[in-house]
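# could you look at this predicted model? Sequence included:
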Amino acid sequence: PDGPSNPSSPWLLRALVPFMNYCASRKQRRRLDELKRKITTAVQENLGDKAHEYFVLDLLVTHPAYQGHGYGSALLKALAWMADAADRQTWLISSNTINNKFYESFGYRNIADIVLGDEDPDYDDEPFVVSLVSLTP
């Protein structure tokens, strides 16, 4: 099933993509499609048929003025507690590899790097990497 009822479903991404596609330029739509396709492929290749059993942290963003105050840490601890209680694993996409050390401090490990912008000749910036990271109970 799709949507919030499936804890492994990246529902926020699916909810935002249609809106973002509506507002986005053609180039931005290609980038969003690439992101969705590559995340889906990486999850399938690395988590396989059990991916639907995982909890997914769709989005963790802390305003720079509030970073270092424990808000992100509290969220990750709560998610780990819920995953442990449900005997589930957890995955997320780290949008900046610099953040991987933060996730590693909570037991997450990088299981795949996803390169974006490397297949589009019209992409005028350097390709960038996001990481698929997982926490196992």
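The structure has been received and is ready for your questions. Every value quoted in this text rests on a predicted model; they were computed, and no experiment measured them.
# give the bridge partners for L116, please.
Counting by DSSP bridges, L116 forms beta bridges with F128.
# quick check: D118 is in a strand.
No - counting by DSSP: H, G, I helix; E, B strand; the rest coil, D118 is not part of a strand but coil.
# wait, what's in contact with the nearest residue to it once chain neighbours are set aside?
Once flanking residues are discounted, D118 sits nearest to P127: 4.1 Å by Cβ to Cβ, 6 or more residues apart in numbering. No exception for glycine: its C-beta is placed from N, CA and C like everyone else's. P127 sits next to 115-118 when contact means Cβ atoms under 8 Å, 6 or more residues apart in numbering.
# if I look at the residue sitting nearest the centre point of the chain, how far off is D58?
The centroid of the chain falls nearest to I93 when counting by Cα atoms, centre = their mean (2.4 Å). Separation of I93 from D58 (Cβ to Cβ, to the nearest Å) stands at 9 Å.
# just the buried members of the contacts of P127?
116-117 (16 or more other Cβ atoms under 10 Å).
# burial count for G68?
10 (other Cβ atoms under 10 Å).
# Q89 now?
18.
# so for the helix or strand harbouring I111, what gets flagged as buried?
Element membership for I111, per DSSP states H and E: strand 109-116. Of the residues in strand 109-116, 112, 114, 116 count as buried by neighbour count, 16+ other Cβ under 10 Å.
# from those residues, which has minimum pLDDT?
The member of the buried residues of strand 109-116 with the lowest pLDDT is L116, at 87.
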